[in-house]
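Engineer: no sequence on this one, just coordinates:
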């Protein structure tokens, strides 16, 4: 009887993990040396960031295809509340250091964002495509012991907002800053407003007066403002961490304003550029030169008042170089920032597909006078049609029909000079061709992971390189190295086997491959 019970457990285990019962073991006999990309840490300080420039420049870090980078991204709005967002944080204090006649950002570009990088990728050449997987995002803890365990963010209803000057209450032309609070450890998944204040003229350390929010880096003197703590009471804003600005350097200019997005990415401001997503960027300069910044804790489509909840974040990314000669149909000829996640493809269109080329020598000023949703919609529509024709091998009539009956077009943003419209394409409508199911066990064992199964709780454990991911069948969250994480997709059982998508495998293959912190070479 005992032998029969053992045999039945083995058969059950084999069915759920998708292997022959004769070869079942709790952990696969594999080596941990099969897949170990190098991991780097790029800390943010005055030497590793640039203000307002996503153009060409000396790299802060050089990596190889497949490498993983832990990158710190700092919000340029930190000065709106020095006590909560700068004080006690050595890296942020260094970046914002400004006393009379001395400040750290001497190489400031025409834009506003603090961009970490650039990161050069060995072997990247014009015509290639750079893939960036966002493996993890975490709020940056504030350095002030007075606010331990909290991270703060800023929303500024600014002079570049869509309704600036078109308000009902007086003064109609006003800028209002709202400070938000989040739990640093992710104990809550929402942000709450702490207080707001109307912007008053601020004088910088060099004596320049700023009547409006016109120069990030200015530290707001809180003795000059009136704080209103009776704001958004009882309202909880979902936290959706994402990189507002991420992209490679364009070829058209050496110094490029970080505000308008373009074919190279940049300030796309799509909240879907988050953990679990993959971005694809067309490379137009040697090394690609990836820059990352403008992190957000929450934003709706359109970013209508000018900003999101601007905060500071640390993220893990993996960069993968796709050479021009080996591009698949979806990436061949890519001329816009393309997003992929478990369920969707997202096409990004703009008022001008390449404003630097289309508007000529004065493009970086003229773009702010010429944007429209009409142009952005037309650009997104053409790009979506082309993507469906090339990537999904549809005829033009098929693509046009599908766009109308199933693609969701939305307004990405109307505040960044080059306005954006995005199109969401559901992978599920294409069946297995876009979400190919694969057996979990063999897929993860193939690169050296150990796979465990707990029948009583229907829990799968993936162990690799010192990292452990636990997932229950059907659950939307899992446990990664002891922390609760949102899964890219639930794992499921099909015909007695646990199956996932190829996207799921590639994403968690990278996430599990991150090297332990004490083995990482910290840059600068």
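Structural biologist: Yep, it's here. Keep in mind the model is a prediction, meaning the values are calculated, not measured. Numbering: from 1, shown residues only.

Engineer: For residue 320, which non-adjacent residue is spatially closest?
Structural biologist: Once flanking residues are discounted, residue 320 sits nearest to residue 131: 4.1 Å by CB to CB, 6 or more residues apart in numbering. (Each C-beta comes from the backbone N, C-alpha and C, glycine too.)

Engineer: Please identify the helix or strand for that neighbour.
Structural biologist: For residue 131, the host element (DSSP states H and E) is strand 129-139.

Engineer: elements contacting that strand?
Structural biologist: With contacts defined as 3 or more CB pairs under 8 Å, 6 or more residues apart in numbering; DSSP states H and E, strand 129-139 has these neighbours: strand 242-248, strand 278-282, strand 290-298, strand 313-322, helix 502-512.

Engineer: Partner strands of the fourth one and their direction?
Structural biologist: Put plainly, it is strand 313-322. strand 68-73 (antiparallel), strand 129-139 (antiparallel) (DSSP bridges).

Engineer: Over to the second one?
Structural biologist: Each strand paired with strand 278-282, and its direction, by DSSP bridges: strand 129-139 (antiparallel), strand 338-340 (antiparallel).

Engineer: Make TSV out of these and add mean pLDDT.
Structural biologist: Putting the strands paired with strand 278-282 into TSV (pLDDT from 0 to 100) gives the following:
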stretch	mean pLDDT
strand 129-139	98
strand 338-340	99
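
Engineer: so which of the ones you listed comes closest to residue 508?
Structural biologist: Closest to residue 508 of these is strand 129-139 (CB to CB; 8.9 Å).

Engineer: picking up where we left off before, for the strands paired with strand 278-282, give me TSV that also has distance to residue 151 and mean neighbour count.
Structural biologist: Output for these, formatted as TSV (distance: least, CB to CB, whole Å; neighbours: other CB atoms under 10 Å):
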stretch	distance to residue 151	mean neighbour count
strand 129-139	4	22
strand 338-340	25	21
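
Engineer: Of these, which is nearest residue 451?
Structural biologist: strand 129-139 (19.9 Å).

Engineer: what's the angle from the closest one to strand 290-298?
Structural biologist: 40 degrees (axes from the mean of the first three to the mean of the last three CA atoms, to 10 degrees).

Engineer: Please identify the nearest residue in space to residue 324, excluding sequence neighbours.
Structural biologist: Nearest to residue 324 is residue 127, by CB to CB, 6+ apart, at 3.8 Å.

Engineer: swap that for residue 385, please
Structural biologist: Nearest to residue 385 is residue 399, by CB to CB, 6+ apart, at 4.9 Å.

Engineer: Quick check: that neighbour is in a helix.
Structural biologist: Yes - counting by DSSP: H, G, I helix; E, B strand; the rest coil, residue 399 is located in a helix.

Engineer: Look at it and say how many residues are nearby.
Structural biologist: 21 (other CB atoms under 10 Å).

Engineer: Please identify the helix or strand for residue 376.
Structural biologist: Counting by DSSP H and E, residue 376 is part of helix 373-391.

Engineer: Validate this expectation: residue 422 resides in a helix.
Structural biologist: No - counting by three-state DSSP, residue 422 is not found in a helix; it is strand.

Engineer: all numbers from here: first residue = 42
Structural biologist: Got it, first residue is 42 now, which makes that one residue 463.

Engineer: for it, what are its contacts?
Structural biologist: Neighbour list for residue 463: 311, 387-390, 421, 450-451, 453 [criterion: CB atoms under 8 Å, 6 or more residues apart in numbering].

Engineer: Mind listing what's buried along stretch 250-261?
Structural biologist: 254, 257-261 (16 or more other CB atoms under 10 Å).

Engineer: can you tell me which of these lies nearest to residue 416?
Structural biologist: For those, the nearest to residue 416 is residue 254 (26.8 Å; CB to CB).

Engineer: which residues does the residue found closest to residue 535 once you drop the neighbours it is linked to in the chain form a beta bridge with?
Structural biologist: Spatial nearest neighbour of residue 535, chain neighbours left out: residue 478 (6.6 Å); criterion: CB to CB, 6+ apart. Residues in a beta bridge with residue 478, per DSSP bridges, are residue 542.

Engineer: Residue 478 and residue 540 touch, don't they?
Structural biologist: Yes - proximity of residue 478 to residue 540 meets the contact threshold set by CB atoms under 8 Å, at 4.4 Å.

Engineer: okay, those two: which has more neighbours?
Structural biologist: Neighbour count, other CB under 10 Å: between residue 478 and residue 540, residue 540 has more, with 18 against 14.

Engineer: Tell me if I'm right that that one and residue 534 touch.
Structural biologist: Yes - counting by CB under 8 Å, residue 534 is a contact partner of residue 540 at 7.5 Å.

Engineer: where do the contact lists of the two overlap?
Structural biologist: With CB under 8 Å, 6+ apart, residue 540 and residue 534 have no common neighbours.

Engineer: Now residue 328. Nearest residue, chain neighbours left out?
Structural biologist: With CB to CB, 6+ apart as the criterion, residue 328 has its nearest non-adjacent residue at 3.7 Å, and that residue is residue 161.

Engineer: Contacts only, for that neighbour.
Structural biologist: Taking CB under 8 Å, 6+ apart as the test, what residue 161 contacts is 100, 102-104, 328-331.

Engineer: From those residues, keep the buried residues only.
Structural biologist: Buried among the contacts of residue 161 (16+ other CB under 10 Å): 100, 102, 104, 328-331.

Engineer: rewinding a little: between the helices and strands packed on strand 170-180, which one is closest to residue 189.
Structural biologist: The nearest among these, by CB to CB, is strand 354-363 at 17.3 Å.

Engineer: Can you report how many residues lie near the nearest residue to residue 89 once chain neighbours are set aside?
Structural biologist: Leaving aside its sequence neighbours, residue 89 sits nearest to residue 101 (CB to CB, 6+ apart; 4.4 Å). By other CB under 10 Å, 23 other residues sit near residue 101.

Engineer: Identify the residues contacting residue 101.
Structural biologist: By CB under 8 Å, 6+ apart, the neighbours of residue 101 are 83, 88-90, 157-160, 564-565.

Engineer: next one: residue 425
Structural biologist: So residue 425 contacts 388, 390, 440, 444, 448, 450, 464, 466 (CB under 8 Å, 6+ apart).

Engineer: please redo it, this time with the cut-off set to 10 Å
Structural biologist: Each residue near residue 425 by CB atoms under 10 Å, 6 or more residues apart in numbering is listed here: 386-390, 440-441, 443-444, 448, 450, 462-466.

Engineer: Which ChimeraX command selects the buried ones in those residues?
Structural biologist: Those of these that count as buried under 16+ other CB under 10 Å are selected in ChimeraX with:
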select :386,387,388,389,390,440,441,443,444,448,450,462,463,464,465,466
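
Engineer: any idea which of the contacts of residue 425 is the one closest to residue 335?
Structural biologist: Of all the contacts of residue 425, residue 335 sits closest to residue 389, with 15.4 Å by CB to CB.

Engineer: where's that closest one, which helix or strand?
Structural biologist: Judged by DSSP H and E, residue 389 forms part of strand 385-391.

Engineer: Alright, I will stop here.
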